[in-house]
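**Student:** Based on what follows, work out the 3D shape:
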Amino acid sequence: MKQPHLSMSRRYFIGATAALSAGLMTFPKKIFSNAVAASDTQRYRIGICDVYILKRTSLGGVQRAKDIGVQGLEPDIGSLSDSDTFNHDPDKTLLDPRQRQAYLDEAKKVGIEFTSLGMSAFLGQDFGSRPTVLTHMIPDAIETMKAMGMKIAYLPLRAKCLVEFPETRPQVVERLKATALLAEKADVIFGIETTYEGADEIKLIDEIGSPSIRSYFNFKNPIEAGRDLIKELKLFGRERICQIHCTEEDGSLLQDNKKIDYKKVYETLNEMNYSGWLVMERGRVSGEDETWCFTQNATYLKSIFQGPDVPPVNTYRPAIKKRIHENISLHTADGVLYIHTPENRGLRAAVGIYDVQGKHIKSWDYTRSHHRAPVIIKPRLPGGTYLIYLNIGGYCYSEKMVWRK
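**Tutor:** Residues are numbered from 1 along each chain as shown. Sure thing, here's the model as predicted:
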């Protein structure tokens, strides 16, 4: 049974195809507006993809995102098989209006926004050859975005690599131009990710020539290919980037990743006058709880991109970490804070002190130099109750303490 909205979408598609065939599709020279801002009051916001927290197109992903401490979730629209469009199972798709409403209700309840719509099925399905891409899949994605208040969709073009199969490029370009017409009419954006080098992806985007087709920039791509991440960000510029996947690969927490200098990224994005969501994909450590890993990563990204006044989030403490928590103790004496941590020389750590309302007071970074010696901090605080947050070797810990001078 055909879905009612497709008849209208097909009219859009027919019009788009006619315009392309007649050579009537034109755009002004200055086609790009500023990158989509995440919020009027906060320049950078942190999000996560539901696929990588093992909650693909699952309502539980909303609460999981909240537990991790991010501000937004990129829910996936659903899988693709041999059907005309995305999965129609009500529990595994966002095409079902009831499921969309359930997501909206849950997001409002827990305080999570939707960063964008994931279309990760195109990591394995070929955008250039599937016959119903323009008649079903793209219109369905647009309808879902509009119904759920999303501005951006993530559209990866990786299944049949444009680098390895250059003969597919004309078909992909034609489909992206038709997609652009549909997206412009709906005032939404499709952020593409390709396997091209930066300069070649820019050529592709400029050939499409629409503000509705931009780059969903992924840090992983230039790093994996041995290119300079900072130079590539500057090469694209803010006008071509609609959103950013801000991680590289699994294997380490973000604060331990030697391939990305996040402070330099922050400076570069500021220079570019970019604003928007930074959405995590990777950053998991083998043998560790995925949610715990992303909790640490979210805390770290907030400390870089949102400043020291944002208290770390510590709502998720899996049992796997009890051995670490049990080895941490704090006490005060004569206005001095003593922190006893695991016996690791060279341990990196950060300490933050907040009042009970969550207002930041002071922070310290340190590296432990001796076994068994406690960390000694002299905050010079008046007596009262404070929240002490620790990030020790990537492990988060918090405790409410009464300060006596």
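
**Student:** all contacts plus neighbour counts: C-alpha atoms, from now on.
**Tutor:** Noted.

**Student:** Count the neighbours of Pro166 for me.
**Tutor:** Using other C-alpha atoms under 10 Å, Pro166 has 10 neighbouring residues.

**Student:** now swap in Gly149 and tell me
**Tutor:** 14.

**Student:** May I have the distance across stretch 188-204, first residue to last?
**Tutor:** Stretch 188-204 has an end-to-end distance of 19 Å (criterion: C-alpha to C-alpha, to the nearest Å).

**Student:** heads up, I number from 46, so please use that
**Tutor:** Right, with 46 as the first residue, what we last looked at is stretch 233-249.

**Student:** What residues of it count as buried?
**Tutor:** For stretch 233-249, the neighbour count (16 or more other C-alpha atoms under 10 Å) marks 233-241, 243, 246-247, 249 as buried.

**Student:** Show me the contact partners of it.
**Tutor:** Stretch 233-249 is contacted from outside by 187, 190, 195-203, 206-208, 218, 225, 228, 256-263, 266-267, 277, 280-281, 285-288, using C-alpha atoms under 8 Å, 6 or more residues apart in numbering.

**Student:** Equivalent analysis for stretch 263-280, please.
**Tutor:** Residues contacting stretch 263-280 (C-alpha under 8 Å, 6+ apart): 238, 240, 242-244, 289-294, 304-305, 309-310, 313, 317.

**Student:** 6 Å instead, please
**Tutor:** With C-alpha atoms under 6 Å, 6 or more residues apart in numbering as the contact definition, stretch 263-280 has outside contacts at 289-293.

**Student:** rewinding a little: in strands, which of the buried residues of stretch 233-249 fall?
**Tutor:** Using DSSP state E, the subset of those located in strands is 234-238.

**Student:** so Asn132 sits in a helix?
**Tutor:** No - with DSSP: H, G, I helix; E, B strand; the rest coil as the criterion, Asn132 is coil rather than part of a helix.

**Student:** Contacts only, for it.
**Tutor:** Neighbours of Asn132 in contact, by C-alpha under 6 Å, 6+ apart: 123-125, 138.

**Student:** export those to JSON lines and tack on neighbour count and secondary structure?
**Tutor:** Converted to JSON lines, those look like this (neighbours: other C-alpha atoms under 10 Å; DSSP: H, G, I helix; E, B strand; the rest coil):
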{"residue": "Gly123", "neighbour count": "22", "secondary structure": "strand"}
{"residue": "Ser124", "neighbour count": "20", "secondary structure": "coil"}
{"residue": "Leu125", "neighbour count": "18", "secondary structure": "coil"}
{"residue": "Thr138", "neighbour count": "21", "secondary structure": "strand"}
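
**Student:** Can you tell me which of the residues you listed is nearest Val396?
**Tutor:** The closest of the contacts of Asn132 to Val396 turns out to be Gly123 (C-alpha to C-alpha; 41.2 Å).

**Student:** any idea how far the closest one is from Phe281?
**Tutor:** 29 Å.

**Student:** same deal with Gly163?
**Tutor:** Counting by C-alpha to C-alpha, the gap from Gly163 to Phe281 is 22 Å.

**Student:** Tell me which of these two has more neighbours.
**Tutor:** Legend: neighbour count by other C-alpha under 10 Å for Gly163 and Phe281, higher for Gly163 (25 against 18).

**Student:** Now do the contacts for the more buried one.
**Tutor:** Per C-alpha under 6 Å, 6+ apart, neighbours of Gly163: 119-122, 198-199.

**Student:** Would you reformat these as CSV and include neighbour count, pLDDT and distance to Cys94?
**Tutor:** Shown next, in CSV, are those (neighbours: other C-alpha atoms under 10 Å; pLDDT from 0 to 100; distance: C-alpha to C-alpha, whole Å):
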residue, neighbour count, pLDDT, distance to Cys94
Glu119, 29, 97, 5
Pro120, 28, 95, 6
Asp121, 24, 93, 8
Ile122, 26, 92, 11
Ala198, 29, 97, 12
Tyr199, 26, 96, 10
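
**Student:** Tabulate those residues in TSV, adding columns for distance to Ile398 and secondary structure.
**Tutor:** Output for the contacts of Gly163, formatted as TSV (distance: C-alpha to C-alpha, whole Å; DSSP: H, G, I helix; E, B strand; the rest coil):
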residue	distance to Ile398	secondary structure
Glu119	32	strand
Pro120	34	coil
Asp121	38	strand
Ile122	41	coil
Ala198	39	strand
Tyr199	38	strand
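
**Student:** still on that earlier bit, looking at the contacts of stretch 263-280, which has the smallest pLDDT value?
**Tutor:** Ranked by pLDDT, these bottom out at Glu293, which has 88.

**Student:** Next up, the contacts around that one.
**Tutor:** Here Glu293 is in contact with 264-265 (C-alpha under 6 Å, 6+ apart).

**Student:** SS state for Leu200?
**Tutor:** strand.

**Student:** what does Asn315 give?
**Tutor:** Quick answer, by three-state DSSP: Asn315 is helix.

**Student:** swap in Val396?
**Tutor:** Under three-state DSSP, Val396 comes out as strand.

**Student:** Domain map for this protein?
**Tutor:** 78-350, 364-448 (automatic domain parsing).

**Student:** Done for today, thanks.
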